[in-house]
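Q: got a sequence here, can you model it:
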Amino acid sequence: MTDLSPVLTPLGGGIIVSCQSSPGEPLYGPESMTRMALAAALGGAVGIRANGVDDVSAIAHAVRLPVIGNWKIDADPDEAFITVTVEHAEGLAQAGAEAAWSAAVGRVESDDSGAGLG
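A: Next up is the predicted model:
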C-alpha cells in the first residue's frame, strides 16, 4: 500500500478548495480554473481539487499546493462517474496531481421509503 502521509499531512486542519467547472459554464477551462486556484492559494487553501488533465496540469504548474485530481465522465445516474479507471488515475498523476479522487461507486437514489437506499 502506498504511504499517503507526505500528501495528507500538510492538508491537516486546512481547507481543500474545489476549482472545477463544466463545459458550457462561464469559467470553464484551464485558464479560469488556474486563476481560481491562485485565488484559493492566496486565501489560505492547503490543497486544490481539479477536474481533468488539462486543468490539473495548468493548476499544478501555477500553485505550490497539492493538487487532487479527478476525471469525470458522462454516465447514467446509477453508474460510477469520477476517476473510474486506473488509466484515468495515471493520466491525472502524469498531469501533476499528487492524488486522485475516485468515486468508483454508483450514486445512491432514494426509494422514497425514508431509508435513502435505492
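
Q: run through the protein and note the low-pLDDT ranges.
A: 1-2, 4-8, 10-11, 75, 77, 79-80, 83-84, 104-118 (pLDDT under 70).

Q: the helices in it, which residues?
A: Here the chain has its helices, by DSSP state H, at 5-8, 30-42, 53-62, 86-95.

Q: list the buried residues of the last one.
A: For helix 86-95, the buried set under the neighbour-count rule, 16 or more other CB atoms under 10 Å, comprises 88-89, 91-92, 95. In this view, the C-beta of every residue, glycine as well, is placed from N, C-alpha and C.

Q: closest to residue 33 among the residues you listed?
A: Nearest to residue 33 among the buried residues of helix 86-95, counting by CB to CB, is residue 95 at 12.6 Å.

Q: list the contacts for that closest one?
A: 53-54, 56-57, 60, 69 (CB atoms under 8 Å, 6 or more residues apart in numbering).

Q: find the nearest non-adjacent residue to residue 61, please.
A: residue 96 (6.8 Å; CB to CB, 6 or more residues apart in numbering).

Q: before we move on, back to that, hey, which of the helices of the chain is tucked in deepest?
A: helix 53-62 (a mean of 21; mean count of other CB atoms under 10 Å).

Q: name the helices or strands packed onto that helix?
A: Counting contacts by 3 or more CB pairs under 8 Å, 6 or more residues apart in numbering; DSSP states H and E, helix 53-62 is packed against helix 30-42, strand 47-51, strand 67-70, helix 86-95.

Q: would you list the ones you listed in CSV and tack on distance to residue 16?
A: Formatted as CSV, those follow (distance: least, CB to CB, whole Å):
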stretch, distance to residue 16
helix 30-42, 9
strand 47-51, 4
strand 67-70, 7
helix 86-95, 15
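
Q: what is the burial count for residue 71?
A: Residue 71 has 23 neighbouring residues, counting by other CB atoms under 10 Å.

Q: give me every residue that touches it.
A: Per CB under 8 Å, 6+ apart, neighbours of residue 71: 51-53, 82-84, 88-89, 91-92, 100.

Q: any idea how far it is from residue 13?
A: Using CB to CB, to the nearest Å, one gets 28 Å for the distance from residue 71 to residue 13.
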